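# Next input, structure requested:
(chains A, B, C and D, ligands or ions: 4)
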2 protein chains.
Amino acid sequence: MKKQVNPKELDVLLRAAEVACAENGARLTQRRRQVLSELMQSSSPLSAYEVLDLCNRSTTSTMPPMSVYRILDFLEQQQLVHKLSSSSKYVACAHIACDHKHFQKTHFLLCDGCSSVEEVDATEEASEALEQMAKTVGFKLTTQQFELSGICTACQDSAGEGL
Amino acid sequence: MKKQVNPKELDVLLRAAEVACAENGARLTQRRRQVLSELMQSSSPLSAYEVLDLCNRSTTSTMPPMSVYRILDFLEQQQLVHKLSSSSKYVACAHIACDHKHFQKTHFLLCDGCSSVEEVDATEEASEALEQMAKTVGFKLTTQQFELSGICTACQDSAGEGL
DNA sequence: GCGTTAAAGATACAATATATCATATTACGA
DNA sequence: TCGTAATATGATATATTGTATCTTTAACGC
Ligand SMILES: [Zn+2]
Ligand SMILES: [Zn+2]
Ligand SMILES: [Zn+2]
Ligand SMILES: [Zn+2]
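Ligands and ions are numbered 1, 2, ... in the order given. This next block holds a predicted model:
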């Protein structure tokens, strides 16, 4: 579903993304901007083919699947987009316009109800507890990204209202 | 890769699986047994098609993909097999022959080096820390399964030996 | 402008997963 | 034991997701 992002806000995000790319010596081309823009305007993660359809719907030209995958890979490298491996879907980073860096491990909270996603940094406690747990079987964790399911506030509330 | 499971041990596991099914009013048919057996003998998670190939290699008859998916779904319901959503692969439950129940949330530790998997119950600390973290953004966790990557003991050791 | 590099397009195909209908096997009561 | 319903599997087609590879286009540095 479409998220409510006003054009002004969207533009700020895209400009920030452009700057972020430039800082890495990369370019946010038209196509890349288009893909990123669709993800930014979505309230839920999108599959590569969903992104593709949206892009092809919003312009006359048609992009091949290969391009979308390439572009999503690029955007992921730039940390402008994250790939949710549990669903093979993509989501725009929640920190494009702020000065947040991905220093901490990132947790994605996926709502079972409305498919919304929250991107949050791992707490010290969570990181510690997980590492400790892994240690009991000799594992040294490398994961930088965790995906958890749950029910968001809005869905918890609406569930109470009966239907 | 093939895991070292002696035939005796394998048989014990399969019998236990049979009993577990019976307790649920289900049957461990030949095909289901075959699929489960392949997973039990694998040292790493297998995709549905990998299971399919192994099955078709070990018998004259050929099974269609559909059957494998159906059987994997069945085995997953019986909790004899777990599906790793991050890789769309399947792994035999580590607790088929013991009296373990899946009461706690389960963590799967996936080795980046050798692809082995460890199935461990969540610690109280980890569960608590994750729930607490989710709570800060209003989420109520529902996930029963977590998938973490890391390096297993064996791979940590062999990494030290130089190559 | 011209050669070099990066990006995008085009085409083909591989890998993964599901829908649907037909057939076979099993369970179970008459 | 036979008939029937329920369960499980087979067969076929197709949808979905993801890559390989080669060509063309656009950007950049000189
Ligand atoms: Zn991010
Ligand atoms: Zn929700
Ligand atoms: Zn298990
Ligand atoms: Zn290992």
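# Under the pLDDT cut-off, which ranges of chain A? List them.
Residues of chain A that meet the criterion pLDDT under 70 lie in A:162-163.
# That one: helices as residue ranges?
A:7-23, A:30-40, A:48-58, A:65-77, A:124-135, A:153-160 (DSSP state H).
# Need the contact partners of the last one.
When you say that, I think you mean helix A:153-160. Under the contact criterion C-beta atoms under 8 Å, 6 or more residues apart in numbering or on different chains, helix A:153-160 has outside partners A:111, A:112, A:113, A:114, A:116, A:151, B:137, B:138, B:139, B:140. In this view, the C-beta of every residue, glycine as well, is placed from N, C-alpha and C.
# The fifth one now?
For helix A:124-135, the surrounding residues in contact (C-beta under 8 Å, 6+ apart) are A:104-105, A:107, A:140-141, B:107, B:109, B:120, B:122-123, B:125-126, B:128-130, B:132-133, B:148, B:150.
# Show me which of the residues you listed are buried.
Among the contacts of helix A:124-135, those classed as buried by 16 or more other C-beta atoms under 10 Å in any protein chain shown are A:105, A:107, A:140-141, B:107, B:109, B:120, B:122-123, B:126, B:129-130, B:133, B:148, B:150.
# from the residues you listed, which two are the most distant?
A:140 and B:133 (21.5 Å; C-beta to C-beta).
# Quick one: residues contacting the residue in chain A positioned nearest to ligand 4.
Nearest residue of chain A to ligand 4, counting by C-beta to the ion: residue A:139, 8.8 Å away. Going by C-beta under 8 Å, 6+ apart, residue A:139 touches B:109, B:111, B:118, B:148, B:150, B:151, B:152, B:153.
# of all those, which comes closest to ligand 2?
residue B:148 (24.7 Å).
# Tell me how far the nearest residue to residue A:118 once chain neighbours are set aside lies from residue A:31.
Among residues not flanking residue A:118 along the chain, residue A:109 sits closest, at 4.3 Å (C-beta to C-beta, 6 or more residues apart in numbering or on different chains). Per C-beta to C-beta, to the nearest Å, residue A:109 is found 30 Å from residue A:31.
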